[in-house]
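Asks: here you go, sequence then predicted model.
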Amino acid sequence: MIKIRSVYTVGQLNSYIKNMFTQDYLLQSLFVKGEVSNCKYHSSGHIYFTLKDPKGTVSCVMFAGNRSGLSFRLTEGQQVIVGGTVDVFERDGKYQMYAKQIVLDGNGALYEKYERLKRELEESGMFSAEYKRSIPRYVTRLGVVTADTGAAVRDIIQVTGRRNPYVQVILYPAIVQGEAAVPSIIKGIRALEAIGVDVMIVGRGGGSIEDLWAFNERAVAEAVFNCSVPIISAVGHETDTTIIDFVSDLRAPTPSAAAELAVADIREIFTRMEACGEMMRRLMERKIRDERMQVRQAELRLKSLSPASRIRERKMTLLAEEEKLQERMRRILRGKRHELELYIERMKGLSPLEKLNSGYSYVSDEAGRNVRSVEQVENGQTVVIQVRDGRIDAVVSRVEPVQVQQGFESR
Amino acid sequence: MNIDEKNTENLSLEENFERLEMAIDNLERDDISLEDAFRYYSEGMQLLKRCNDQIDKVEKKVLKLTEEGMLEEFDNGE
């Protein structure tokens, strides 16, 4: 009978084994070579495949985030070297390789050489941004170091001609692959530097890693680094990265992209010139308009302050005042006249003539004093009686006082 | 600032453009005097003319540099 000391769950077992893997130094970074089979590019961007050799197989996955470590299309039957880590996939209780880099076997040695040189040059500071020369914006002489046949030179000439046909392209027909490539490329860079160009494109069209190899050589990298003319590197396709891409002043993904980067579009230059001219004319016109307006304003102010204008102004004030005065005078006269009419009416009511007209008469003594009382006259005295149409001199024949009631007289 | 005082004869197209933009920046200032405005304007126009003159409007044939350092016309087989 089996003696059970302790029982573990499956999860516990798998996580125990996973832990053993993660603690293993070798499994954290190793290269494995084999043949690709069951290769699947998943829609998520991950690549699943199996690596096999006559003795066995191992599952591999390259996550989408690591795809930069693969510069070709992975297909069945390829002999490859996979660099990465080995880890346990706990769900399935399986271990698999997580690929970070995949290179074709046979290129393995070259790849290592590339990595070593890249590391060395990087440490020596040759990739440093401070050494990068800026690419002039408007070049007139463009040097090209590439093969005189093939797509690269054709693309460069075509793009340059389209963007700016006034740029002088000078080609150094270099050998770009094989044994003679390295000295030929170096000679080309130096020859174009000597003859004088504003910027240089150094590169070639796409090819296998061996085809592109000259651009991974230290001597070529140093020639690029030491060149006093700014260099745009353009080797192969977008995905190919060579050593000179790191030392060049600018890396172009392809030769035609290099020409785009090197040569400014002539139409843009003309447009820019037109815009500058237009801008200056507009600004100058505005300035003149502003100044003219200021002069006009000053002129107006000056005029308003001149003696003639002040006299005119006073005259105007005077006229206005006079007018006001006259108006006031007229108003006063009108008022007085009206008042007078009222007086006349009242006077009319008070006039003795009116009383005489209605039958009353006015009696006075010879001295002209109004006779208001019997006591003022005596018999035989002459009095004057005024009536409507004349006077009557009369002699008093009798005087007889009448008892007048108090209050009546005051009425 | 005083771009008129510097020799502009041997400047590149790019440098002339920079100077041109500088003249425009100066012209844009509100506090600039009329005299200065005229000065920057005529400078700018001169620079513009120079830029234009600098563009050699002749279409170029592609040249090939030979082993012997000679330049000859490149026939790219078109």
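Replies: Cool, got the structure.

Asks: what residues does the lengthiest helix in chain B touch?
Replies: Longest helix in chain B by number of residues (criterion: DSSP state H): helix B:34-54. Residues from elsewhere that reach helix B:34-54, judged by CB atoms under 8 Å, 6 or more residues apart in numbering or on different chains: A:273, A:276-277, A:280, A:283-284, A:287-288, A:291, B:3-4, B:8, B:11-13, B:16-17, B:19-20, B:23-24, B:26-27, B:32. Using the backbone N, CA and C atoms, a C-beta is placed for each residue, glycine as well.

Asks: what subset of those is buried?
Replies: A:273, A:276-277, A:280, A:283-284, A:287, B:3, B:11, B:13, B:16-17, B:19-20, B:23-24, B:26-27, B:32 (16 or more other CB atoms under 10 Å in any protein chain shown).

Asks: which stretches of chain B form helices?
Replies: Going by DSSP H, chain B shows helices at B:13-28, B:34-54.

Asks: okay, those in CSV with mean pLDDT next?
Replies: Below are the helices of chain B laid out as CSV (pLDDT from 0 to 100):
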stretch, mean pLDDT
helix B:13-28, 88
helix B:34-54, 88
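
Asks: what does chain A put close to chain B?
Replies: Residues of chain A lying close to chain B (CB under 8 Å from any CB of the partner chain) are A:136-138, A:140, A:148-149, A:153-154, A:157, A:165-173, A:188, A:191-192, A:194-195, A:266, A:269, A:272-273, A:276-277, A:279-280, A:283-284, A:287-288, A:291.

Asks: report the longest helix in chain A, please.
Replies: helix A:307-350.

Asks: quick revisit: can you list which of the residues of chain A next to chain B are found in helices?
Replies: A:153-154, A:157, A:188, A:191-192, A:194-195, A:266, A:269, A:272-273, A:276-277, A:279-280, A:283-284, A:287-288, A:291.

Asks: quick one: buried residues of the helix or strand harbouring residue A:51?
Replies: Per DSSP states H and E, residue A:51 falls inside strand A:47-53. Using 16+ other CB under 10 Å as the test for burial, strand A:47-53 gives A:47, A:49, A:50, A:51.

Asks: any idea how far residue A:35 is from the last one?
Replies: When distances are taken as CB to CB, to the nearest Å, residue A:51 and residue A:35 turn out to be 7 Å apart.

Asks: overlap in contacts, those two.
Replies: residue A:80.

Asks: tell me which parts of chain B are close to chain A?
Replies: Residues of chain B lying near chain A (CB under 8 Å from any CB): B:12-14, B:17, B:20-21, B:23-24, B:27-28, B:32, B:34, B:37-38, B:41, B:44-45, B:48, B:51-52, B:55-60, B:62-65, B:69, B:71, B:74, B:76-77.

Asks: picking up where we left off before, helix or strand right after the longest helix of chain A?
Replies: Per DSSP H and E, the helix or strand that comes after helix A:307-350 is helix A:352-357.

Asks: what about residue A:332, how many residues nearby?
Replies: When neighbours are defined as other CB atoms under 10 Å in any protein chain shown, residue A:332 has 10 of them.

Asks: wait, what's in contact with it?
Replies: Residue A:332 neighbours (CB under 8 Å, 6+ apart): none.

Asks: and it, how far from residue B:70?
Replies: 117 Å.

Asks: what's the answer for residue A:178, then?
Replies: 25 Å.

Asks: more crowded one of those two?
Replies: residue A:178 (12 against 9).

Asks: chain neighbours aside, what residue packs nearest to the more buried one?
Replies: residue A:214 (7.9 Å; CB to CB, 6 or more residues apart in numbering or on different chains).

Asks: pretty sure the one you found sits against residue A:179.
Replies: No: applying CB atoms under 8 Å as the test, residue A:214 and residue A:179 come out as separate, 9.1 Å apart.

Asks: neighbour count winner among the two?
Replies: A count of neighbours by other CB under 10 Å puts residue A:214 above the other of residue A:214 and residue A:179, at 26 against 9.

Asks: tell me the confidence at that one?
Replies: With respect to pLDDT, residue A:214 has a value of 91.

Asks: ok so it is a helix residue?
Replies: Yes: assessed by DSSP: H, G, I helix; E, B strand; the rest coil, residue A:214 belongs to a helix.

Asks: neighbours of the residue nearest to residue A:47 when sequence neighbours are not counted, how many?
Replies: Excluding the flanking residues, the one nearest residue A:47 by CB to CB, 6+ apart is residue A:62, at 4.4 Å. Look at residue A:62: counted by other CB under 10 Å, it has 24 neighbours.

Asks: do you know how far residue A:196 is from chain B?
Replies: Distance of residue A:196 to chain B, computed by CB to the nearest CB, to the nearest Å: 11 Å.

Asks: how many other residues sit next to that residue?
Replies: 10.

Asks: check what contacts the helix or strand bottoming out on mean pLDDT in chain A and list those residues.
Replies: When the helices and strands of chain A are compared on mean pLDDT, DSSP states H and E, helix A:352-357 comes out lowest with a mean of 77. By CB under 8 Å, 6+ apart, the residues outside helix A:352-357 that reach it are A:348, A:362, A:386, A:387, A:388.

Asks: closest one of the residues you listed to chain B?
Replies: residue A:348 (83.6 Å; CB to the nearest CB).

Asks: got a list of what the closest one touches?
Replies: residue A:354.

Asks: pLDDT score assigned to it?
Replies: Looking at residue A:348, the pLDDT reads 78.

Asks: now do the helices in the stretch 1-150 of chain A.
Replies: With DSSP state H, counting those that start in this stretch as the criterion, the stretch 1-150 of chain A has helices at A:10-23, A:108-123.

Asks: that older thread, name the surrounding residues that touch the following helix or strand past the least confident helix or strand of chain A.
Replies: Proceeding N to C from helix A:352-357, the next assigned helix or strand is strand A:362-365, under DSSP H and E. Strand A:362-365 has contacts (CB under 8 Å, 6+ apart) with A:352, A:355-356, A:370-371, A:376-377, A:381-386.

Asks: start to end distance for stretch A:120-128?
Replies: 13 Å (CA to CA, to the nearest Å).

Asks: contacts for that stretch?
Replies: A:131, A:218, A:221, A:222, A:225, A:243, A:246, A:247.

Asks: got the contact list for the fourth one?
Replies: The reference is to residue A:222. A:126, A:247.

Asks: where does it land in three-state SS?
Replies: Assignment for residue A:222 (three-state DSSP): helix.

Asks: tell me how far it lies from chain B.
Replies: Counting by CB to the nearest CB, the gap from residue A:222 to chain B is 21 Å.

Asks: same check, this time on residue A:100
Replies: 42 Å.

Asks: same check on residue A:43?
Replies: For residue A:43 relative to chain B (CB to the nearest CB), the value is 43 Å.

Asks: what values do phi and psi take at that residue?
Replies: phi -60, psi -20 (degrees, to the nearest 10).

Asks: I'd like to know how far it sits from residue A:127.
Replies: Going from residue A:43 to residue A:127 by CB to CB gives 36 Å.

Asks: for stretch A:169-188, output the C-alpha coordinates as PDB.
Replies: Output in PDB follows, covering the C-alpha atoms of stretch A:169-188 (Å, rounded to 0.1, in the frame of the first residue of the first chain):
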ATOM      1  CA  VAL A 169      22.800  64.100 -58.700                       C
ATOM      2  CA  ILE A 170      26.300  62.700 -58.800                       C
ATOM      3  CA  LEU A 171      26.400  58.900 -58.700                       C
ATOM      4  CA  TYR A 172      29.400  56.900 -57.500                       C
ATOM      5  CA  PRO A 173      28.700  53.500 -59.100                       C
ATOM      6  CA  ALA A 174      29.700  51.300 -56.200                       C
ATOM      7  CA  ILE A 175      29.900  47.600 -55.900                       C
ATOM      8  CA  VAL A 176      27.400  46.800 -53.200                       C
ATOM      9  CA  GLN A 177      27.800  43.100 -52.500                       C
ATOM     10  CA  GLY A 178      30.500  40.600 -52.400                       C
ATOM     11  CA  GLU A 179      34.100  40.800 -51.400                       C
ATOM     12  CA  ALA A 180      34.800  44.000 -53.400                       C
ATOM     13  CA  ALA A 181      31.900  45.900 -51.900                       C
ATOM     14  CA  VAL A 182      33.600  47.200 -48.700                       C
ATOM     15  CA  PRO A 183      36.500  49.000 -50.400                       C
ATOM     16  CA  SER A 184      34.200  50.200 -53.200                       C
ATOM     17  CA  ILE A 185      31.700  51.800 -50.900                       C
ATOM     18  CA  ILE A 186      34.400  53.500 -48.800                       C
ATOM     19  CA  LYS A 187      36.100  54.800 -52.000                       C
ATOM     20  CA  GLY A 188      32.800  56.200 -53.200                       C
END
